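*Asks:* Predicted structure and sequence below. I'll ask about it afterward.
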Amino acid sequence: MKYKTIKKECEELWAKNKYYVLSKSHKTYLEIREYLKEKEVDILFLNEKIQKVRKIKESKKDFSNAILHVWGYFKKEASEIEKQGLFNILEEYMVGKNNQKSVIEYINTLLKKYPNKYLQESTLLTGEQDETMA
């Protein structure tokens with residue numbers, strides 16, 4: 001059935017981009033999540049929503065929220081020192097003493113130590129924002 005194939009493609013596209021979208025706009029993240037619950041979805045519509053989020057100005061609050069979601073994948077394995085390292089660098093980012101790239105580099109360091117296929121394909125962490133269409 002064609003709709004099942006399209007739905008699967010949309011879910012794969014969303015899986016790669018959801019933390020990136022969340023890092024830019026919590027509102028758009030929720031809109032897309034609701035959209036994907038519909039019976040029939042359109043990959044071009046989804047891709048357009050993801051592309052539009054790229055133009056949104058950086059939001060420290062939304063970026064921090066996305067990083068905390070990503071942290072959830074490490075919290076059971078990472079040491080207290082690694083946790084504190086992430087929270088320190090995130091706090092520095094929030095007060096303007098650091099940038100998103102530093103936070104993402106720290107997360108990628110954790111990802112090398114604690115591999116996770118799902119996160120390894122996330123555009124938030126890979127920086128492959130132009131690879132939205134599957």
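*Replies:* Noted; the coordinates are in hand. Numbering: from 1, shown residues only.
*Asks:* Let's check: the centremost residue of this protein is which one?
*Replies:* The residue lying closest to the centre of the chain (CA atoms, centre = their mean) is Tyr19, at 1.4 Å.
*Asks:* so that residue is in which element?
*Replies:* Using DSSP states H and E, Tyr19 maps to helix 2-24.
*Asks:* tell me what the helix or strand that that helix is followed by is packed against?
*Replies:* For helix 2-24, the following helix or strand on the C-terminal side (DSSP H and E) is helix 26-35. The contact analysis (3 or more CB pairs under 8 Å, 6 or more residues apart in numbering; DSSP states H and E) places helix 26-35 against helix 2-24, helix 43-53, helix 60-71. Every residue, glycine included, has its C-beta placed from N, CA and C.
*Asks:* could you dump the ones you listed to JSON lines with mean pLDDT and distance to Glu80?
*Replies:* What follows is these, written out as JSON lines (pLDDT from 0 to 100; distance: least, CB to CB, whole Å):
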{"stretch": "helix 2-24", "mean pLDDT": "94", "distance to Glu80": "24"}
{"stretch": "helix 43-53", "mean pLDDT": "96", "distance to Glu80": "34"}
{"stretch": "helix 60-71", "mean pLDDT": "98", "distance to Glu80": "13"}
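*Asks:* got CSV for those helices, with distance to Glu92 too?
*Replies:* Compiled in CSV, the helices and strands packed on helix 26-35 are given as follows (distance: least, CB to CB, whole Å):
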stretch, distance to Glu92
helix 2-24, 17
helix 43-53, 25
helix 60-71, 11
